[in-house]
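Undergrad: Just need the structure, nothing else, for what follows:
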Amino acid sequence: MNSVSSSTQIDPHWLMRLFGAESATFNLANGGLQVVTKNGDRYLILAESLANEATFQEGMVFARLVLQTDVGPKTFSGLRKKEAQALFRWLRQHWLKQLAPEVAKTADNIRSLLAKGYPRQSRIDLAKEMAQQVLRRFVRVPEAEWCEGIKEVPFQWLADVAGWQESDLEQLRQSYVARQLKLYDEFFASVESQPLTDRQREACVVDEDNNLVLAGAGTGKTSVMVGRAGYLIKSGQARACDILMLAFANKAAAEMQERIDNRLGRCGVAASTFHKLGKDIIAKVEGQQPSLTPLAEDDRQLALQVNQWFEKHLKVRSYRQLVIRYFQYYLYPAANPFDFDTEGEYFDYILANDIRTLKGEAVKSLGECLVANYLFKQGIEYQYEPAYEHKTANPLHRQYQPDFYLPEHGVYIEYYGIDRDGNTAPYVDRELYHQGMAWKRQLHAEKGTCLVELYHYELVEGVLFEALDEKLAENGVEYRPLPPEAVLATLREFGAISTFAALLADLLKRYRANCYEPGQVEASIAKAENKEQVKAALKLLQPILEDYQVLLDREGHIDFDDMIGKAIEYVRDGRFVSPWRYILVDEFQDISDARARLVKYLRDSVKDSSLFCVGDDWQAIYRFTGSDLSFTTAFPEKFGPTRVTALDLTFRFNSGIGDVATRFVLQNPAQVKKQLNSLKKVIKPSVSLLREDNRQKQSPGEPSRLEKVIARIAEIAEPGSSVYLLGRYGFNLPDRAELRHIAERYPSIVLESHTVHASKGKEADYVIVLGLETGKHGFPSMKTTHPLLEALLPGKEKHPNAEERRLLYVALTRARNRVYMIADMAVASDFVVELLREGYDVELNEFATSLSQQLLHMLKCMKCKTGTMVPRQSKFGGFFGCNKYPLCTHRERGCAQCESQMRRAGRFKICINPECLNWVPVCPKCGAEMVQRKGRYGEFWGCKNYRSNGDGCSQTENEITFDRSLLTVALAL
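TA: Numbering: from 1, shown residues only. As a prediction, this is how the structure comes out:
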């Protein structure tokens with residue numbers, strides 16, 4: 001064999017050549033080791049052969065090399081042992097010498113890559129891939145004896161890089177952060193008026209591909225934004241022109257800019273809103289600043305314009321038919337009563353959607369609404385829930401009111417809520433319901449009146465109207481279908497047309513704000529709970545969208561949504577080249593899908609860019625504007641490799657407020673779990689509740705509930721302390737005159753009033769939360785978003801009242817020292833009830849509280865289960881009725897001795913007043929109270945509904961024993 005050179009040759013022993021052993025020449029070719037046999041066959045030797053000791057196989061006399069080649073294993077046998085061993089060493093060393101420069105170069109490139117700054121995941125992945133590519137060429141780290149004249153260290157280091165585990169990477173990151181924190185300690189100590197905390201500094205230094213800083217209320221998120229920008233410039237990682245800083249509102253961007261200029265000097269970093277960013281991108285691409293349509297800032301004018309377009313389209317026959325069909329079948333979201341757990345929940349659905357017929361009548365079910373609309377459109381006069389023509393009222397039952405009566409035909413219609421198997425909704429007593437059905441059938445049969453029966457299952461199966469047609473035809477009812485103009489006239493009469501036109505204006509804004517890309521509209525429809533309703537509405541919206549676009553094009557205008565939508569298009573298509581390597585976004589929890597897409601496109605258009613987002617998922621309160629919380633809670637899934645840093649120290653509120661607010665918001669398991677500590681520690685409750693009746697008329701000179709709280713604050717607060725009055729809605733707040741009057745009475749404190757939404761980002765020494773009642777405009781608000789708008793919003797969260805819960809968290813965390821909550825417990829917010837029932841650390845004794853206010857919130861309506869029994873008055877005296885009246889008509893008498901409410905315990909009603917505890921037995925037949933009477937044989941118990949003429953309840957009992965252990969039940973509130 002030749003000495004080591006660029007090629008070498010082997011010749012098997014002559015004896016082995018007789019048995020077929022081949023001579024061959026080895027040389028370097030095409031970046032690899034090539035072997036050429038004497039017969040002219042060529043093979044490329046794979047690196048794994050050179051790293052595998054099994055390649056050299058020693059026999060009793062001769063040796064052989066089993067080489068892995070590009071066409072499979074190739075054996076060279078009959079070799080003298082020393083020559084074979086020398087050849088194997090030559091092959092390996094020669095190959096390593098060829099690889100050494102590449103290894104060294106790759107190692108240098110990886111070190112340069114990692115020297116750019118923080119070891120981002122993208123850089124780590126690239127480094128590992130570079131190392132693995134080289135590693136695949138030499139398979140394993142060469143041993144020292146192979147490396148004559150070759151540096152072994154680069155090979156070993158690349159192997160280490162290729163095999164980095166998460167623990168290695170974490171150590172790498174921590175080492176980097178520690179070095180930077182030490183190097184820029186002086187900067188972080190002075191960049192803000194107070195030195196940044198350890199977590200704030202870490203947030204500034206960490207520079208993953210995507211960075212999420214969870215900044216709880218009062219944790220100094222603005223300081224982190226300023227510190228981050230300043231650190232990037234100070235460390236030389238970025239120039240001012242490399243940094244894009246985004247805020248949502250003009251005011252927020254202006255405040256951010258002022259803070260940057262004050263703390264960093266006029267360094268060139270500019271804070272921009274998303275809209276300004278979009279406008280600048282459009283100007284760059286189109287060569288001129290776009291003009292804003294006047295409609296963009298005038299909702300009333302836009303609504304008027306949409307109404308005009310809508311009226312124009314109503315003159316077109318095909319469009320008019322679509323509108324009438326929509327109003328007849330799709331005006332309200334479909335809901336199956338069987339899907340609700342309680343009657344109260346179904347009532348909430350009816351109330352929230354204000355379900356009314358085409359004639360404007362409020363009805364008790366969607367099925368009844370559809371029947372009424374069908375009768376109306378067919379020109380059939382009907383009456384909804386009229387009194388039956390024959391008297392049926394008695395002490396046990398009110399007058400019978402069938403669902404519908406057709407006066408021209410003498411036909412009654414009942415719409416029964418049962419399925420094919422006769423089952424009722426979960427909250428309806430099946431047996432009693434069927435008894436009622438049987439009673440109605442018998443009554444009509446006895447009186448000779450005509451009854452048509454319809455069933456809920458017919459609606460579910462889609463045959464309700466066919467069934468109605470057939471049954472009415474059997475009774476000689478002929479249709480006189482109303483012309484479309486007459487239907488529209490009726491709709492106009494009760495304002496349905498103008499209301500729907502206003503909804504179309506809202507849909508127009510919501511649709512355009514989403515800046516849909518191909519396939520997204522279809523995806524929204526697919527996710528909607530009421531797909532057919534959404535499809536029908538979008539058919540009506542489409543011509544309006546086209547009208548609006550024609551107007552913009554004709555005038556050469558854009559709107560705010562175009563600023564985002566066009567910017568997305570220009571960045572996505574490469575028409576705008578982003579100059580920013582660092583994108584910083586404030587209040588990220590408020591980001592919408594469209595804005596998130598714009599941020600992604602900007603990030604992806606620049607190599608080695610970094611996204612830095614600061615927000616707090618606990619303070620996400622703008623879903624109604626399109627904000628999508630999932631971009632925060634599922635940040636890594638949405639944006640890729642992410643480093644999350646949570647700022648865990650709040651400088652604003654004390655631990656008493658923090659403990660209550662944190663526990664409250666985390667009842668929603670979807671919220672990101674994080675620890676939020678307060679700089680100020682307290683040992684007593686800092687959230688106080690005033691419970692007082694707000695429905696009784698105030699006596700002259702008596703202070704209102706609000707004034708009582710303000711007087712208390714004025715008593716304990718430092719002079720000049722700020723006090724925020726916060727309401728869920730503006731009408732919860734005192735008007736200007738009232739606020740001025742209160743402020744004049746308490747000049748030692750400074751009063752302001754805001755809605756909770758408007759208070760976001762603000763803080764005060766004391767906070768008073770108003771409007772804590774249940775209902776459509778309560779807190780939590782039971783007001784529902786129109787289902788069509790709902791379909792165009794981000795997916796609704798599973799946890800009940802998720803955003804309302806965060807809204808109360810925002811209200812609580814505006815206060816530095818103390819929060820006061822005011823509630824009437826008869827109609828108290830579910831949130832207030834939760835604070836009491838779940839034992840939150842809330843002060844209940846700062847104000848005097850009546851017995852009824854202490855107990856009322858525990859007493860729910862026994863019929864609908866969700867309503868609250870509230871005191872009412874009638875001409876016959878006082879009583880307690882469900883607050884969901886008129887849908888729920890349940891009522892109960894108060895205690896005969898003290899007029900307090902009574903609570904059911906077994907077959908007894910027990911007064912909730914612990915100083916009274918009067919008890920009354922209940923009739924097992926009709927549920928009325930039992931009273932003691934005297935008869936010929938002495939005293940006995942008789943039902944209060946007894947009538948001497950027999951038209952009542954005849955239940956009597958000689959003796960009723962009261963189990964005093966039930967008092968424990970009554971008091972266990």
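Undergrad: what's the neighbour count on the residue lying closest to I243 once chain neighbours are set aside?
TA: Among residues not flanking I243 along the chain, Y582 sits closest, at 4.7 Å (Cβ to Cβ, 6 or more residues apart in numbering). Bear in mind the C-beta positions are built from the backbone N, C-alpha and C, glycine included. By the criterion of other Cβ atoms under 10 Å, Y582 has 23 neighbours.
Undergrad: wouldn't Y582 be in contact with L244 here?
TA: Yes - contact status for Y582 versus L244: in contact at 7.0 Å, counting by Cβ atoms under 8 Å.
Undergrad: what is in contact with these two at once?
TA: Between them, Y582 and L244 share no contacting residue under Cβ atoms under 8 Å, 6 or more residues apart in numbering.
Undergrad: now stretch 753-762, how far from the centre of its chain.
TA: Relative to its chain's centre, stretch 753-762 lies at 20 Å (Cα atoms, centre = their mean, to the nearest Å).
Undergrad: I meant to write stretch 331-350 there.
TA: 22 Å.
Undergrad: give me the number of residues near the nearest residue to R356 once chain neighbours are set aside?
TA: In this structure, R356 finds its nearest non-sequential neighbour in A362, 5.5 Å apart by Cβ to Cβ, 6+ apart. Counted with other Cβ under 10 Å, residues neighbouring A362 total 14.
Undergrad: Show the contacting residues for A362.
TA: For A362, the contact set (Cβ under 8 Å, 6+ apart) comprises 354-356.
Undergrad: Tabulate the residues you listed in JSON lines, adding columns for pLDDT, neighbour count and distance to A104.
TA: Listed next are those as JSON lines, based on pLDDT from 0 to 100; neighbours: other Cβ atoms under 10 Å; distance: Cβ to Cβ, whole Å:
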{"residue": "D354", "pLDDT": "75", "neighbour count": "10", "distance to A104": "76"}
{"residue": "I355", "pLDDT": "80", "neighbour count": "21", "distance to A104": "77"}
{"residue": "R356", "pLDDT": "83", "neighbour count": "17", "distance to A104": "81"}
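Undergrad: Just give me the closest of the residues you listed to L370.
TA: Nearest to L370 among those, counting by Cβ to Cβ, is I355 at 10.0 Å.
Undergrad: Would you agree the closest one is in contact with L366?
TA: Yes - checked against Cβ under 8 Å, the pair I355 and L366 is within contact range at 6.1 Å.
Undergrad: shared neighbours of the two, which are they?
TA: Applying Cβ under 8 Å, 6+ apart, one finds that I355 and L366 are jointly contacted by Y332.
Undergrad: Okay, the closest residue to T197 other than its chain neighbours and E478: tell me how far apart.
TA: Computed as Cβ to Cβ, 6+ apart, the closest residue to T197 that is not its neighbour in sequence is L649, at 5.7 Å. When distance is defined by Cβ to Cβ, to the nearest Å, L649 is 78 Å away from E478.
Undergrad: How about Q133?
TA: According to Cβ to Cβ, Q133 and E478 sit 85 Å apart.
Undergrad: just the strands in the stretch 401-550 of the chain please.
TA: Counting by DSSP state E, counting those that start in this stretch, one finds strands in the stretch 401-550 of the chain at the ranges 404-406, 411-416, 450-455.
Undergrad: who wins for proximity to A711 among those strands?
TA: It is, among the strands of the stretch 401-550 of the chain and with distance given as Cβ to Cβ, strand 411-416, at 55.2 Å.
Undergrad: Show me what the closest one pairs with in its sheet, parallel or antiparallel.
TA: Here strand 411-416 has these sheet partners by DSSP bridges: strand 404-406 (antiparallel), strand 450-455 (parallel).
Undergrad: Just give me the residue closest to the centre of this protein.
TA: Nearest to the centroid of the C-alpha atoms of the chain, with distances taken as Cα atoms, centre = their mean, sits E797, at 4.4 Å.
Undergrad: So K391 lies in a strand, does it not?
TA: No - per DSSP: H, G, I helix; E, B strand; the rest coil, K391 lies outside any strand segment and is coil.
Undergrad: Got the phi and psi for it?
TA: phi -70, psi 130 (degrees, to the nearest 10).
Undergrad: Please tell me I have it right and it contacts Q399.
TA: Yes - K391 is within contact range of Q399, at 7.0 Å (criterion: Cβ under 8 Å).
Undergrad: what's across from the spatially closest residue to D70 that is not a sequence neighbour in the sheet?
TA: The spatial neighbour of D70 that comes closest, neighbours along the chain excluded (Cβ to Cβ, 6+ apart), is L44 at 4.2 Å. Beta bridges link L44 to Q34, judged by DSSP bridges.
Undergrad: Secondary structure element holding N373?
TA: helix 366-377 (DSSP states H and E).
Undergrad: For the following helix or strand past that helix, enumerate the helices and strands it packs against.
TA: For helix 366-377, the following helix or strand on the C-terminal side (DSSP H and E) is strand 383-384. Here strand 383-384 touches strand 404-406, going by 3 or more Cβ pairs under 8 Å, 6 or more residues apart in numbering; DSSP states H and E.
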